[in-house]
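Novice: sequence and predicted structure below; questions after.
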2 protein chains.
Amino acid sequence: MKKKPATIKEIARKLRISPSTVSRALNDHPSIGLVTTMRVKKMAEELNYEPNQTAIFFKQRKTFTIGVILPSLSEPFFSSAISEIEDVAKDHNYMVLMGQSHDDADRELQILQTFKKHRVDGILISLGKNTEDLSFIELLEESEIPVVFFDCVPNIDQVNKVYSDLSSGMKEAIEAFASIGHRRIALINGPENLLATQERETAYKAALTENNLEYNDKYIVHTDLTEQGNIEATEKLLALPERPSAVISFNDFVTLDVMKYARQKGLVQKKDVYFISYANYPLWKYMENPPMGSIEQYPDKQARKAAEILFENLEAKDPIEPKTVVFESKLVLK
Amino acid sequence: MKKKPATIKEIARKLRISPSTVSRALNDHPSIGLVTTMRVKKMAEELNYEPNQTAIFFKQRKTFTIGVILPSLSEPFFSSAISEIEDVAKDHNYMVLMGQSHDDADRELQILQTFKKHRVDGILISLGKNTEDLSFIELLEESEIPVVFFDCVPNIDQVNKVYSDLSSGMKEAIEAFASIGHRRIALINGPENLLATQERETAYKAALTENNLEYNDKYIVHTDLTEQGNIEATEKLLALPERPSAVISFNDFVTLDVMKYARQKGLVQKKDVYFISYANYPLWKYMENPPMGSIEQYPDKQARKAAEILFENLEAKDPIEPKTVVFESKLVLK
DNA sequence: TTGTAAGCGTTATCAT
DNA sequence: ATGATAACGCTTACAA
């Protein structure tokens, strides 16, 4: 026994007035008499009337929904980002459609297409680590859906993007190490094809130079970010004749593996070796022996800004020039 | 210069055929000739036609969207839950609207209403810790939106629910402690008003009895789950004349604080005191000195099952009897 | 095999 | 102050 939700027509029929009057009354249109308005509202109440938003979405060509694509919510970085996004969306009376790419470019594209099908009003996206084909951006431009990239952003102009400048934190990290006497500072970097990897490398070299430290390519190793890869990278460093005394790694997860492995090899942290990494893991405070510091990238600030830019676009009458916002990363000592 | 998306009408006009033929051709309706079908598809391609889903949603009274409400994505438990849900949804060609209650009953209700407004086809919800007013359930029943509760479920019949039986894990934990000689086993429980707290307490007492251990109410303390609360609870236990040698806590986050505090007080883990807690933190493997074990509740299994039940309901012709599925919690030693 | 027309629920325009 | 009508884009009886 399905009882369909009440409609404006029904209210109109019961009240023997026209649907348009009902519509206006419900929207407190000034031209409708107080009495009528009251009668309509009362009847709406009685019938448990709820406007059919799908009809409204359809008519208004707007869904009050934004789509968010990010690699994985299991990374604290992104779960904290999406929380901010949800809050901003809520303030604008929008809902959030969510999709995880799991760093899979195909899946990313598929989510994007589904978002488009669902006619989201705007899109926030943090690209997956393997996304290389950026042609979808043109597609989005054609369909005039505003897009803001954050965190992992495409290396092109004329798009909205919010990201973190990795070099400021790298500089602080190397300064911090240098100031307590380290001269052999290694970098455990990520997969070589990643922009994020290249940025770290550039920043690393620049910061060494600024601190009058010699660059030695033996001190840069790479990991594919798996546990196995992290361990292999560590082994390479440990095998060096002049072992590094300080290590900066791609992210906290890498450092966790590296620290564990180094511990097994009998190395004592903050004595034999010091660690700093790009932050994506907020629970160091519980560790008995945390690394020396983390380079923070402030996912919440990035995400909020990205969402705000998106809503500026959504609420603007005329197209807005693409914006780029960069937040400095910052070393935070533990 | 806005170019509106192409519509079926446009294709029809250009091809000088009727919109219905176009519609049928696009949907591979068997009655339409192959030639026509081809011509239509070609033209659709040329015009970059994309069906306006909002119109389809409206007409079909379906949005192919499910809403998921959960307390907070920052808890690994829930981020892993929502990943499963997203995967199941994807298999059914559904999208996921996401809302975090942050354990705030008002916000929970508000999200629920927005979901209803957006006409989601179904809802998955893990109740917040403070939700006491369950009257919204009737509202949902009236609007005939299928709902499946998971993890934190209401204590009523005639609803779909999937949750974890806390007592099996508690039993295993106490057995594990008893088998290595512990006789003074404490419970650091959560806020007293929570169902989850009451369940733990009941299970704790039952398990003690089963293992011929004496129950002493001094060994149950409560925390409000803040760091401060966790520490105070620990202090109470440490102040006891006969200090417990083993501690089961409400969840891993509590244990993290407790372990840290105990360490500061000079207690050595797995010598002076042993820990087990309900799992919500998957990164113990990186710890130098993890607790003895965690009681797993398998968020992924719960969430998947809940989603599957939801889709059964969504795809069923006739109403389905409410289902209850219980997974046993399990002690996993580290 | 294809076309015609009605309808989904709402709102905006134009009349009265 | 209120009503009639059309329109949003699509699907689907029913007709031809």
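Specialist: Arrived safely. Numbers count the residues shown, from 1 in each chain, chains lettered A, B, ... in the order given.
Novice: show me where the stretch 201-334 of chain A has its strands.
Specialist: A:220-222, A:246-249, A:274-278, A:293-296, A:324-328, A:330-333 (DSSP state E, counting those that start in this stretch).
Novice: now these as a markdown table including distance to DNA strand D?
Specialist: Yep, even glycine has a C-beta here, placed from its N, CA and C like the rest. Converted to a markdown table, those look like this (distance: least, Cβ to the nearest atom of the strand, whole Å):
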| stretch | distance to DNA strand D |
| --- | --- |
| strand A:220-222 | 48 |
| strand A:246-249 | 50 |
| strand A:274-278 | 46 |
| strand A:293-296 | 46 |
| strand A:324-328 | 33 |
| strand A:330-333 | 48 |
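Novice: out of these, deepest packed?
Specialist: strand A:246-249 (a mean of 28; mean count of other Cβ atoms under 10 Å in any protein chain shown).
Novice: for the closest residue to residue A:286 other than its chain neighbours, give its distance to residue B:279.
Specialist: Nearest residue to residue A:286, sequence neighbours excluded (Cβ to Cβ, 6 or more residues apart in numbering or on different chains): residue B:256, at 4.2 Å. Distance from residue B:256 to residue B:279, counting by Cβ to Cβ, to the nearest Å: 12 Å.
Novice: equivalent analysis for residue A:221, please.
Specialist: 34 Å.
Novice: check residue A:207 too.
Specialist: In this view, residue A:207 and residue B:279 are 40 Å apart by Cβ to Cβ.
Novice: need the contact list for residue A:197.
Specialist: Neighbour list for residue A:197: A:189-191, A:222, A:250 [criterion: Cβ atoms under 8 Å, 6 or more residues apart in numbering or on different chains].
Novice: that one is in what secondary structure piece?
Specialist: helix A:195-210 (DSSP states H and E).
Novice: return the per-residue confidence for the residue lying closest to residue A:260 once chain neighbours are set aside.
Specialist: Using Cβ to Cβ, 6+ apart and skipping the chain neighbours, the partner closest in space to residue A:260 is residue B:286 (5.9 Å). Residue B:286 carries a pLDDT value of 81.
Novice: how about residue B:286, what does it touch?
Specialist: A:256-257, A:259-260.
Novice: returning to what we had before: list the buried residues of the helix holding residue A:197.
Specialist: Across helix A:195-210, burial judged by 16 or more other Cβ atoms under 10 Å in any protein chain shown covers A:195-197, A:199-201, A:203-204, A:207-208.
Novice: repeat that for stretch A:172-189.
Specialist: Within stretch A:172-189, the residues that qualify as buried are A:172-174, A:176-178, A:182, A:184-189, counting by 16+ other Cβ under 10 Å.
Novice: same question for stretch A:248-265.
Specialist: A:248-262.
Novice: so where's the stretch 151-300 of chain A uncertain?
Specialist: Low-confidence segments of the stretch 151-300 of chain A (pLDDT under 70): none present.
Novice: count the residues that sit near the residue in it positioned nearest to DNA strand C.
Specialist: Nearest to DNA strand C, among the residues of the stretch 151-300 of chain A, is residue A:160, at 29.2 Å (Cβ to the nearest atom of the strand). Residues near residue A:160, counting by other Cβ atoms under 10 Å in any protein chain shown, number 23.
Novice: which residue sits closest to it, ignoring its sequence neighbours?
Specialist: residue A:148 (4.1 Å).
Novice: what does residue A:185 give?
Specialist: residue A:246 (4.6 Å).
Novice: does the residue of the stretch 151-300 of chain A closest to DNA strand C touch residue A:141 like I think?
Specialist: No. Under the criterion of Cβ atoms under 8 Å, residue A:160 makes no contact with residue A:141, lying 11.4 Å away.
Novice: neighbours around whichever residue of the stretch 201-334 of chain A sits closest to DNA strand C, how many?
Specialist: The stretch 201-334 of chain A approaches DNA strand C most closely through residue A:317 (16.3 Å), counting by Cβ to the nearest atom of the strand. Counted with other Cβ under 10 Å, residues neighbouring residue A:317 total 5.
Novice: so how far is chain B from it?
Specialist: The gap separating residue A:317 from chain B is 12 Å, by Cβ to the nearest Cβ, to the nearest Å.
Novice: phi, psi for that residue please.
Specialist: phi -70, psi -50 (degrees, to the nearest 10).
Novice: show the pLDDT at it.
Specialist: For residue A:317, the model assigns a pLDDT of 84.
Novice: to residue B:48, which of the strands of the stretch 201-334 of chain A lies closest?
Specialist: strand A:324-328 (28.8 Å; Cβ to Cβ).
Novice: could you give the mean pLDDT of the closest one?
Specialist: Mean pLDDT, strand A:324-328: 97.
Novice: off-centre distance for that strand?
Specialist: Here strand A:324-328 is found 14 Å from its chain centre; the criterion is Cα atoms, centre = their mean, to the nearest Å.
Novice: got it, and stretch A:241-250?
Specialist: Averaging C-alpha positions (Cα atoms, centre = their mean) puts stretch A:241-250 30 Å from its chain's average.
Novice: dump stretch A:274-283 to PDB, keeping only the CA atoms.
Specialist: Extracted as PDB, the C-alpha positions of stretch A:274-283 are listed here (Å, rounded to 0.1, in the frame of the first residue of the first chain):
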ATOM      1  CA  TYR A 274      66.800  11.500  12.800                       C
ATOM      2  CA  PHE A 275      63.500  11.600  10.900                       C
ATOM      3  CA  ILE A 276      61.300  14.200   9.400                       C
ATOM      4  CA  SER A 277      58.500  13.500   6.900                       C
ATOM      5  CA  TYR A 278      55.700  15.100   5.100                       C
ATOM      6  CA  ALA A 279      52.700  14.800   7.300                       C
ATOM      7  CA  ASN A 280      49.700  12.600   6.600                       C
ATOM      8  CA  TYR A 281      49.400  10.900   9.900                       C
ATOM      9  CA  PRO A 282      48.200  12.800  12.900                       C
ATOM     10  CA  LEU A 283      48.800  10.400  15.700                       C
END
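Novice: anything in it near chain B?
Specialist: Yes. For stretch A:274-283, a contact with chain B is found by Cβ under 8 Å from any Cβ of the partner chain, at A:281, A:283.
Novice: and the residue in the stretch 101-250 of chain A that DNA strand C sits nearest to, which of the three is it?
Specialist: With Cβ to the nearest atom of the strand as the measure, residue A:119 is the residue of the stretch 101-250 of chain A nearest to DNA strand C, at 14.7 Å. At residue A:119 the chain is in coil, as set by DSSP: H, G, I helix; E, B strand; the rest coil.
Novice: please name the residues that touch it.
Specialist: A:57, A:61, A:63, A:65, B:52-54.
Novice: whichever of those residues end up buried, select them in PyMOL.
Specialist: Only the buried entries of the contacts of residue A:119 go into this PyMOL selection, using 16+ other Cβ under 10 Å:
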select buried, (chain A and resi 57+63+65) or (chain B and resi 52+53+54)
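Novice: mind giving me the domain split of chain A?
Specialist: According to automatic domain parsing, chain A comprises the domains A:8-51, A:63-162+A:299-325, A:165-296.
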